[in-house]
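[1] I would like to see how this sequence folds:
(one chain, ligands or ions: 1)
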Amino acid sequence: MSKVLGTSIELTGGQYTIQGLPAVEMAERFGTPLYVYDGDWVNTRYSELYDLIAWPRLRVLYAMKANYSPAILRLLLENGAYLDTVSPGEVELALKIGFPPGRLLYTANSITDAEMTEVQSKGVLLNIGSLSRLEKYGRAFPGTEVCLRFNPDVVAGSHAKIQTGGDLTKFGILLQDLPRVLELAATYRLSVVGLHEHTGSGISETDKVFQSMRNLLSIATPEAFPELRFVDFGGGFKVPYSPDEKRIDYASFGAQIRTIFAEFCAAYGRDLDMYFEPGKYVVAESGYMIVEVNTLKNNKGRLIAGTNSGFGHLIRPMIYDAYHHIVNLSNPHGPPRTYDVCGNICETGDRFATDRVLPEVCEGDLLAILNAGAYCCAMGSVYNLRPLPTEVLVHKGQATLARKGLSNVELADEILRTYE
Ligand code: LLP
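    Numbering: from 1, shown residues only. Predicted structure coming up:
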């Protein structure tokens, strides 16, 4: 029995299973393309962060942008989770699912006055990332509590498009603007209860995380911010996507974080809450997209496996050159061959993997694309008018429908309804 990467899929006796359920049987039962989420693995990943970062006043806010499937959010709600939200739509969904407003933080950028008012009126704390918005917030809601997002001045993340720190990005208030922040906070009697930074996504260099923490903490003095309740260090925890990547030693990472924060709290004069906002760490390894190979080509020796899904369903390889591990569910022990695994969208870049060695693939084989729980279905579209896949939740050994994908007729009807 062996697990693949940090996921929960296991190869047992010649077949791949998730919580003991054969993946092939789920594909046959629900049809493909199909997203399968292991809900218990989501909760395991969420909860283990409390052990790995053993600060007694830790709060883990799941970044729901990574996967907003209500089935997953409900499990996390039962598990006592907090949420990082980035749009009024996310706030609305979280509240409807039953999250109390106090368990949400709202960190959006380039927001409008209407969004600000909408979210504030729901009792959700706003995390503000520009001087301009801070002034507008203060004018609209003087005397209220607020969190402030600073740019940590550290560049990190697995791809240029998902690096958030550094003065070339649009995120956060520059640390050097602290004097103006303090003026605005005083003018509008704002109570700054939290400070925030987010450095990037998929950060492999733990030193950069520590540096970002230190940079933010350097301005978190009791003189500047006497009313702090928490400091939020964002998300970005990397998990391995390919067999070449090692898992970060999160136990020693957590211990180091705790030391940095304990020293800070001693200097600040009291213990504060420490927040993190992981998305990928919580859900990436719990998701699988199962696709069926329907076309094999041999282009002068180059083997191309065409599948019944495409970048509308999983776009990370196309936009971030992201590696997603693929297993052949139908033929796990076949002889190795090298394939380009492509989709069904009319664009050349529609490729899940290039030059990928897989156990021999035949037409009709089912492939599982791993680490598909974060930023995959959530970034999906119906480009080429291919409906989004059905989603299934596996919980306590049972697979249940989380969302039924639309049929082609239903999608066409929906378009006509919304356009006419
Ligand atoms: N907090 C803030 C303020 C964020 O902007 C993000 C992600 C997170 C937390 C969660 O970061 P995570 O732990 O998931 O790395 N679509 C990209 C990732 C975009 C991340 C955007 N912000 C991808 O597929 O890699």
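[2] List the residues that contact residue 381.
    Applying C-beta atoms under 8 Å, 6 or more residues apart in numbering, we find residue 381 in contact with 312, 315, 388. For glycine as for every other residue, the C-beta is placed from the backbone atoms N, C-alpha and C.
[3] Also residue 139?
    Counted by C-beta under 8 Å, 6+ apart, residue 139 has contacts residue 188.
[4] and it, how far is that from residue 189?
    12 Å (C-beta to C-beta, to the nearest Å).
[5] repeat for residue 397
    From residue 397 over to residue 189 (counting by C-beta to C-beta), the distance is 54 Å.
[6] cool, residue 276 as well?
    Note on residue 276: its distance to residue 189, by C-beta to C-beta, is 30 Å.
[7] same thing with residue 369?
    Separation of residue 369 from residue 189 (C-beta to C-beta) stands at 52 Å.
[8] higher neighbour count, these two?
    More crowded of residue 369 and residue 189, by other C-beta atoms under 10 Å: residue 369, with 26 against 10.
[9] partners of that one in the sheet?
    Residue 369 forms beta bridges with residue 289, residue 326, as assigned by DSSP bridges.
[10] okay, it: pLDDT?
    If you check residue 369, the pLDDT there is 98.
[11] same check, this time on residue 52
    Per-residue confidence (pLDDT) for residue 52: 98.
[12] just the helices in the stretch 251-400 of the chain please.
    Here the stretch 251-400 of the chain has its helices, by DSSP state H, counting those that start in this stretch, at 280-283, 316-320.
[13] Comparing these, which comes out most buried?
    helix 280-283 (a mean of 30; mean count of other C-beta atoms under 10 Å).
[14] distance between it and the chain's centre?
    6 Å (C-alpha atoms, centre = their mean, to the nearest Å).
[15] got a list of contacts for it?
    For helix 280-283, contacts defined as C-beta under 8 Å, 6+ apart pick out 37, 42, 45-46, 49, 60, 62-63, 66-67, 72, 76, 201-202, 235, 237-239, 373-375.
[16] Restrict those residues to those that also contact the ligand, please.
    Restricting those to those within reach of the ligand (C-beta under 6 Å from any ligand atom) leaves 63, 66, 201-202, 235, 237, 375.
[17] Among those residues, which are located in strands?
    Secondary structure defined by DSSP state E assigns residue 63 of these to strands.
[18] Reformat the ones next to the ligand among the contacts of helix 280-283 as CSV; add neighbour count and pLDDT.
    Shown next, in CSV, are these (neighbours: other C-beta atoms under 10 Å; pLDDT from 0 to 100):
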residue, neighbour count, pLDDT
63, 27, 98
66, 24, 98
201, 26, 95
202, 23, 95
235, 26, 97
237, 25, 98
375, 26, 98
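[19] Out of the ones next to the ligand among the contacts of helix 280-283, the closest to residue 14 would be?
    Closest approach between those and residue 14, by C-beta to C-beta: residue 375, at 31.7 Å.
[20] what about stretch 273-289 and the ligand, any contact?
    Yes - judged by C-beta under 6 Å from any ligand atom, stretch 273-289 and the ligand are in contact via 277-281.
[21] Nearest to the ligand within the stretch 1-150 of the chain, name that residue for me.
    residue 63 (3.6 Å; C-beta to the nearest ligand atom).
[22] wait, doesn't that residue sit right on residue 284?
    No - counting by C-beta atoms under 8 Å, residue 63 does not reach residue 284; the two are 11.4 Å apart.
[23] Quick one: low-confidence residue ranges for the chain.
    Scanning the chain for pLDDT under 70 picks out 1.
[24] separation between residue 203 and the ligand?
    8 Å (C-beta to the nearest ligand atom, to the nearest Å).
[25] isn't that residue right next to residue 158, touching?
    Yes - with contact defined as C-beta under 8 Å, residue 203 reaches residue 158; the gap is 7.4 Å.
[26] Overlap in contacts, the two.
    With contacts taken as C-beta under 8 Å, 6+ apart, residue 203 and residue 158 have residue 238 as neighbours in common.
[27] For these two, indicate the residue with more neighbours.
    Per other C-beta under 10 Å, whichever of residue 203 and residue 158 has more neighbours is residue 203, with 25 against 21.
[28] beta partners of the more buried one?
    residue 237.
[29] Please tell me how far it sits from residue 165.
    Residue 203 sits 10 Å away from residue 165, taking C-beta to C-beta as the criterion.
[30] nearest to residue 150, of the ones next to the ligand among the contacts of helix 280-283?
    Nearest member of these to residue 150, counting by C-beta to C-beta, is residue 235, at 15.5 Å.
[31] How about the contacts made by the closest one?
    63, 84, 198, 201, 276-281.
[32] Please apply the same query to residue 416.
    By C-beta under 8 Å, 6+ apart, the contact set of residue 416 is empty.
[33] Secondary structure class of it, three-state.
    Classification of residue 416 using DSSP: H, G, I helix; E, B strand; the rest coil returns helix.
[34] Once you drop chain neighbours, what's closest to residue 217?
    If the residues on either side of it in the chain are set aside, residue 217 comes closest to residue 264, at 4.7 Å by C-beta to C-beta, 6 or more residues apart in numbering.
[35] burial measure for the one you found, as a count.
    19.
[36] Same check on residue 349?
    12.
[37] From residue 157, how far out is the nearest residue to it once chain neighbours are set aside?
    Closest residue to residue 349 apart from its sequence neighbours, by C-beta to C-beta, 6+ apart: residue 318 at 5.1 Å. Residue 318 sits 18 Å away from residue 157, going by C-beta to C-beta.
[38] cool, and residue 361?
    33 Å.
[39] I am finished for the moment; much appreciated.
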